[in-house]
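Trainee: Provided below are the primary sequence and the corresponding predicted coordinates.
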Amino acid sequence: MRSLDGKVVVITGAASGIGRALAVEAAARGALLALSDVDEAGLARTAQACAGTREVRADRVDVADRAAMFAYAADVAAHFGRVNVLVNNAGVALHGDLEDLEYADLDWIVGVNFWGVLHGTKEFLPHLIASGDGHLVTLSSLYGLLSMPGQSAYNATKYAVRGMTEAVREELLIAGHPVGVTVVHPGGIKTAIARSARTSAKVDHDAAARLFDEKLATMPPEKAARIIWRGVLRGKPRVLVGMDAHLIHQFARLTGARYQDVVARVHRGLGDRIERS
């Protein structure tokens, strides 16, 4: 695939952030869009931002709901007659040490970040293969490249997305199917993910969100979307988004497992800024 012009592109988590930016950029490149999210108001704004493209379909879909994703994939394929690109973008965040997290919150993040990607991939993959010109895109994270304290659940889901995506790419290569596969690792992108995150009882939610928004989130989602689509259209199996993602990836490669000791030392002082007194 060298162009999105005339392609049917499905994007989950399209109500805001990277998902919205990917949709707007794809629309500008001539794609037909199937957008979904649980945030109906935000999704409507994204659809409006894409107005003027060939076609935009917007549906409220919970990616963690297996039956809903099964029905959604079939409905989108029937509506457009094909699906060329799936972007598994929907994701949530959960901050806190593992011993302090509640099972309900763990179920929530695994349901969206991992099962959501698995549902989308499994249900849309036959349609991507049948298109003869398909591409699967999944959103992992900087935290799918190395672990961070306070992010154990998020790390688990994003490592899982990376591992599953890379294995699926290998399976498709062995089978000779005409589907490209790209896993994306964004660094700090200016989105609402920290503000909409859940936290353990020991974490000050507002302080954690401020730290992300003011210190870590440096790249506009529009720039991230351009980098992602450029990587997809070049057939890259892995796309790192942001200088922070590139630097930390190299740091982890050079230091091996010992990066964990360095990260722990750096975060000792940082933790005091977001823990409740």
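Mentor: Looks like it came in fine.
Trainee: Going along the chain, name the helices of the stretch 101-250 of the chain.
Mentor: Secondary structure of the stretch 101-250 of the chain, counting by DSSP state H, counting those that start in this stretch: helices at 103-109, 116-131, 152-175, 205-211, 221-233, 243-255.
Trainee: D107 and W115, how far apart?
Mentor: D107 is 10 Å from W115, where distance means C-beta to C-beta, to the nearest Å. C-beta coordinates here come from the backbone N, C-alpha and C atoms, glycine included.
Trainee: Hmm, I typed the wrong one, I wanted G163.
Mentor: Applying C-beta to C-beta to G163 and W115 gives a distance of 14 Å.
Trainee: what does A201 give?
Mentor: 25 Å.
Trainee: who's more crowded, those two?
Mentor: Between A201 and W115, W115 has the larger neighbour count (other C-beta atoms under 10 Å), namely 18 against 9.
Trainee: For the closest residue to that one other than its chain neighbours, give me its contacts.
Mentor: Nearest residue to W115 in three dimensions, chain neighbours excluded: A64, at 5.5 Å (C-beta to C-beta, 6 or more residues apart in numbering). For A64, the residues meeting the contact criterion (C-beta atoms under 8 Å, 6 or more residues apart in numbering) are 108, 111-112, 115-116, 119.
Trainee: quick one: pLDDT of A64?
Mentor: At A64, the predicted lDDT confidence score is 98.
Trainee: How about G52?
Mentor: For G52, the model assigns a pLDDT of 83.
Trainee: what about the closest residue to it other than its chain neighbours, which helix or strand?
Mentor: Counting by C-beta to C-beta, 6+ apart, G52 lies nearest to A27, which is 7.5 Å off, once chain neighbours are set aside. Following DSSP states H and E, one finds A27 within helix 17-28.
Trainee: centre of the chain versus that helix, how much separation?
Mentor: What separates the centre of helix 17-28 from the centre of its chain is 13 Å, taken as C-alpha atoms, centre = their mean, to the nearest Å.
Trainee: who does that helix touch, helix- and strand-wise?
Mentor: Helices and strands touching helix 17-28, as assessed by 3 or more C-beta pairs under 8 Å, 6 or more residues apart in numbering; DSSP states H and E, comprise strand 8-11, strand 32-37, helix 40-49, helix 221-233.
Trainee: K190 contacts E214, correct?
Mentor: No. Using C-beta atoms under 8 Å, K190 and E214 do not qualify as a contacting pair, with a distance of 10.6 Å.
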